[in-house]
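In: Got a predicted model here, sequence first, then my questions.
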Amino acid sequence: MMPLWMLSCRETVNQEEELPSRTFRPIKFTREIIDNTVKFTWVPLKDVTYVLEISRDSMEFKRDLMAFSFENANQVTMDDLWSGERYSARIKAINNNTAIPESEYAYTSNTNPTFVMPSTGIFLPVTSSDIGIDQVVVKWNTDKPVDRISVMTGGVEVKSVSLSEEDKAAEQKTITGLASETAYIFQIYSGVIRRGQISASTLMRAKSVEITDKDVILVVGRSKVMNATVLPADAFNKAVVWSSDNVSVVDIDSLTGKVTAISEGLATITVTTVDGGHKASCIVKAINGVNLLINGGFETTFTAPVENWIYVPWDWFVGYYSSPGDQSRYNNAEIARNTGDILDPTRITFFKDVAQGTNVLRFNNNRLGGVYQLVSVIPGHEYMLRADIAFCKNSANEISQMESVKILYPDGSKFYEAKVPTFVYTIFNIGLPAGQTFQPQGGIVEVTGRFTVPEGVSQIRFQLDQRTAVGGANNQTPRTYIDNCELFEIPNF
């Protein structure tokens, strides 16, 4: 069978052969982009040379025009193209018989005759662990040569980083000296050929720090963990270092912020951010505190009445509260052992790590009552109070009605209240008690407060009380435990 371009409609002996007017265009010319390469394929013809032209523009075939010749081939893969750039490609066939004109150009049969090389190219994705405040680690994966990385922001190159042999072998480079909170574009090159491009933004710097605790007062021998807030909230490095200007009065753990009162006096506590060295300070006062409450830990006796404490009468509830509670459930507060050997030990032992000694004060669930103690004070002087309170509920509808630790005038009228902080109940890690379907839950809070005694007042009433909740059995109060009640005078120095 004769070649296509040699066919004619009839044969004539000694008649001069008729040549085709033009070489056929390559057919089914397509492309496929794979990672940072592009593969061109076509259906081959015999006795022709193919010329593939590629330019870095849109069908103009002018900018960076490249031409490649191939014989007896039906595909070629190109990998020296710029990432993130638009390219145009076309192919033509040149007949080996010079008497036959070359073909017209064929363009890829894909939907769009032009194509854009992937922006990332040989770069691997940048992860959160690769990004810092002033640096970014860029990584790549290629067996092709690369020699530098261009760093751009706002369309301007701000840094050109040469790659050492070690960088090339490791296939990664830490780009340092960057500005924080800035979007960058990183481009990797081999000579003038851009092989990859990737974007990343540096992280937020710490701009300020605040101490959460203000005007702290500690009794000598006691400790407290200070808290600081680094701003803005999304700052990358929130590490801080703590210090005291008078460690003989108040010492502090530089890493944890735990302060310990050593002796009476004042100390300035300073917190400093590791990033940027921003500072904040507060005063901690250490006092030789003497608890003005007698039997504030409820240890002296286990029998009613509670020694050194006075029961709150029912008339006081009626006069103080608009909803005083259920009088039929009025029941004086009582002492409970903290040893876990009586009174549903699974309900009380969760408080044992906070409670001190053997006993605690208890209000039974859905019972109201209270105790108070009269204390002599100095008019115009400042005092501080604290108490540890635990709640244990045995059903889902129990709601605490112990709203505060009260400082009252001797007649029981309102003077100052230290509110019970909001807390979240935690389910006990115990089995269900016999006959119950509700898993018992509990929570512990520390109630603190400071107040100044009004002029003319020489005695106050430190009171603990609980009401029953409205709704009876359908809306009960939890069992309540109290321990470590304290009242200190704050010296003025």
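Out: Done, it's in.
In: quick one: the residue sitting nearest the centre point of the chain and residue 207, what's the gap?
Out: Central residue check for the chain by C-alpha atoms, centre = their mean: the C-alpha nearest the mean position is that of residue 234, 7.8 Å away. Between residue 234 and residue 207 the distance, using C-beta to C-beta, to the nearest Å, works out to 11 Å. Any C-beta I mention is one placed from the backbone N, CA and C, and that applies to glycine too.
In: Could I get the full set of helices for the protein?
Out: For the chain, the helices defined by DSSP state H occupy 165-170, 314-320, 345-348.
In: Relative to residue 265, which of the ones you listed is closest?
Out: Using C-beta to C-beta as the measure, helix 345-348 is the one of the helices of the chain that comes nearest residue 265, at 39.1 Å.
In: and that closest one, average pLDDT?
Out: Helix 345-348 shows a mean pLDDT of 53.
In: Which residues are in contact with residue 181?
Out: 201, 202, 203, 204, 205 (C-beta atoms under 8 Å, 6 or more residues apart in numbering).
In: brain fart, residue 91
Out: For residue 91, the contacting residues are 26, 29, 40, 42, 50, 51, 52, 53, 105, 106, taking C-beta under 8 Å, 6+ apart as the criterion.
In: for it, which residues make a bridge with it?
Out: Following DSSP bridges, residue 91 is listed with bridge partners residue 52, residue 106.
In: going forward, begin numbering at 59 instead of 1
Out: Understood, numbering begins at 59; the last thing we discussed is residue 149.
In: Next one: it from residue 451, what distance?
Out: When distance is defined by C-beta to C-beta, residue 149 is 81 Å away from residue 451.
In: Considering only helices and strands, which part of the chain has the lowest mean pLDDT?
Out: Least confident element among the helices and strands of the chain, by mean pLDDT, DSSP states H and E: helix 403-406 (a mean of 53).
In: Give the buried subset of the contacts of residue 149 as a PyMOL selection command.
Out: Under the burial definition 16 or more other C-beta atoms under 10 Å, those of these that qualify are selected in PyMOL by:
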select buried, resi 84+87+98+100+108+109+110+163+164
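In: what's the neighbour count on residue 547?
Out: The criterion is other C-beta atoms under 10 Å. On that basis, residue 547 has 16 neighbouring residues.
In: So what sits opposite it in the bridge?
Out: residue 441.
In: do the same with residue 450
Out: Beta-bridge pairing for residue 450 (DSSP bridges): residue 500, residue 537.
In: one step back: closest to residue 381 out of the contacts of residue 149?
Out: residue 98 (85.8 Å).
In: Could you check how far the closest one is from residue 325?
Out: If you go by C-beta to C-beta, the gap between residue 98 and residue 325 works out to 77 Å.
In: what would the helices of the chain look like in TSV with mean neighbour count and distance to residue 357?
Out: Converted to TSV, the helices of the chain look like this (neighbours: other C-beta atoms under 10 Å; distance: least, C-beta to C-beta, whole Å):
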stretch	mean neighbour count	distance to residue 357
helix 223-228	12	67
helix 372-378	15	26
helix 403-406	19	16
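In: just for the stretch 159-308 of the chain, where's the confidence low?
Out: Scanning the stretch 159-308 of the chain with the threshold set as pLDDT under 70 gives no residue ranges.
In: which residues in it form strands?
Out: 164-165, 172-174, 194-197, 206-211, 214-220, 230-233, 241-248, 251-259, 266-269, 274-277, 281-283, 286-289, 298-302, 308-310 (DSSP state E, counting those that start in this stretch).
In: For the fourth one, buried residues please.
Out: Just to be clear, that refers to strand 206-211. For strand 206-211, burial by neighbour count (16+ other C-beta under 10 Å) applies to 207, 208, 209, 210, 211.
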